[in-house]
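A.B. asks: let me see the structure of the following:
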Amino acid sequence: MTIFVSNLSFKVTDDQLNDLFSKFGGVNSARVMTDKMTGRSRGFGFVEMPDDAAAQKAIDGLNGTDHDGRPLSVNIARPKKEY
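C.D. replies: Down below sits the predicted model:
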């Protein structure tokens with residue numbers, strides 16, 4: 001399951017995002033999205049977890065919690081729209 005995480009601090013790294021979610025189960029990948037021009041964090045990222053039950057526990061456990069001074073918004077990622 002792919003999870004969308006928003007309202008991340010601009011200081012959060014891929015490794016920190018991975019560590020945050022690994023408390024709930026295995027993590028295939030964790031990526032903070034960055035601006036192509038500046039390389040600066042865009043304040044959101046995606047986490048892929050192989051176990052749907054663990055992913056749901058992570059969503060329930062982390063959504064609305066404070067991380068680095070900001071309340072996280074954690075949801076199931078929606079598929080990218082085709083234009």
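A.B. asks: check contacts around Arg31.
C.D. replies: Listed by C-beta atoms under 8 Å, 6 or more residues apart in numbering, the contact partners of Arg31 are Asp14, Leu17, Gly45, Phe46, Val47. C-beta coordinates here come from the backbone N, C-alpha and C atoms, glycine included.
A.B. asks: same thing but at 10 Å, please
C.D. replies: Val5, Asp14, Leu17, Asn18, Gly45, Phe46, Val47, Glu48 (C-beta atoms under 10 Å, 6 or more residues apart in numbering).
A.B. asks: could you pick out the buried ones from those?
C.D. replies: Using 16 or more other C-beta atoms under 10 Å as the burial test, the contacts of Arg31 include Val5, Leu17, Asn18, Gly45, Val47, Glu48 as buried.
A.B. asks: quick one: pLDDT of Pro79?
C.D. replies: Listed pLDDT for Pro79 reads 82.
A.B. asks: wasn't it part of a helix?
C.D. replies: No: the assignment for Pro79, made by DSSP: H, G, I helix; E, B strand; the rest coil, is coil rather than a helix.
A.B. asks: show me what contacts it?
C.D. replies: Thr2.
A.B. asks: ok, the worst-scoring helix or strand of the chain on mean pLDDT: who's next to it in the sheet?
C.D. replies: Least confident helix or strand of the chain, by mean pLDDT, DSSP states H and E, is strand 66-67 with a mean of 94. Using DSSP bridges, the strands paired with strand 66-67 are strand 70-71 (antiparallel).
A.B. asks: in the helix or strand that the strand it pairs with is followed by, what's buried?
C.D. replies: Under the assignment DSSP states H and E, the closest C-terminal helix or strand after strand 70-71 is strand 73-76. Going by neighbour count (16+ other C-beta under 10 Å), the buried part of strand 73-76 is Val74.
A.B. asks: name the helices or strands packed onto the longest strand anywhere in the chain?
C.D. replies: When the chain is parsed with DSSP state E, its longest strand is strand 41-48. For strand 41-48, the packing partners by 3 or more C-beta pairs under 10 Å, 6 or more residues apart in numbering; DSSP states H and E come out as strand 2-6, helix 14-22, strand 29-34, helix 52-62.
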